[in-house]
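[1] missing the sequence, but the structure's below:
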């Protein structure tokens with residue numbers, strides 16, 4: 001299993017577009033119904049700081065996300081928006097979970 005956390009802060013005027021782009025990615029993932037991807041995105045109290053946490057069962061599952069047109073579009077638009085705080089990636093190790101991550 002691979003767990004990736006990405007945190008960044010958008011400009012205030014870009015936050016709503018970013019949320020729409022995230023929603024498009026999530027819709028595609030739900031339609032794809034890939035059992036090896038468990039992906040969450042949250043926004044902080046400031047409305048501009050985004051935290052994405054992705055659990056991948058395998059490297060191939062991660063590639064599935066990266067190959068989605070909606071994910072590529074999300075990344076391109078985020079980069080073009082020149083975020084206030086650039087995306088910072090962190091690899092995590094699971095210490096425990098209240099429910100199985102992958103059924």
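    Sure thing, it's come through. All values reported here derive from a predicted model rather than from experimental measurement. Numbers count the residues shown, from 1 in each chain.
[2] report all helices and strands that whichever strand or helix holds residue 20 contacts.
    Taking DSSP states H and E as the criterion, residue 20 maps to helix 15-32. Under the contact definition 3 or more C-beta pairs under 8 Å, 6 or more residues apart in numbering; DSSP states H and E, helix 15-32 sits against strand 37-43, helix 69-80. Placement of C-beta: from N, CA and C, glycine included.
[3] return the distance of it from the chain's centre.
    Remark: helix 15-32 is offset 9 Å from the chain centroid, using C-alpha atoms, centre = their mean, to the nearest Å.
[4] give me the buried positions along it.
    In terms of neighbour count (16 or more other C-beta atoms under 10 Å), helix 15-32 has its buried residues at 15, 18, 21-22, 24-25, 29.
[5] got the contact list for that helix?
    10, 37, 39, 41, 43, 47-48, 50, 64-65, 68-71, 73-74, 77-78, 81 (C-beta atoms under 8 Å, 6 or more residues apart in numbering).
[6] out of those, which are buried?
    Among the contacts of helix 15-32, the ones that count as buried by 16+ other C-beta under 10 Å are 10, 37, 39, 41, 48, 50, 64-65, 68, 70-71, 74, 78, 81.
[7] what's the most distant pair in those?
    Comparing every pair within the buried ones among the contacts of helix 15-32 by C-beta to C-beta identifies 48 and 64 as the most remote, at 28.6 Å.
[8] same list, the helices and strands packed on helix 15-32, but as JSON lines with distance to residue 98 and mean pLDDT please.
    Shown next, in JSON lines, are those (distance: least, C-beta to C-beta, whole Å; pLDDT from 0 to 100):
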{"stretch": "strand 37-43", "distance to residue 98": "13", "mean pLDDT": "97"}
{"stretch": "helix 69-80", "distance to residue 98": "27", "mean pLDDT": "98"}
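[9] for residue 55, list each beta-bridge partner.
    Partner residues in beta bridges with residue 55, using DSSP bridges, are residue 3, residue 38.
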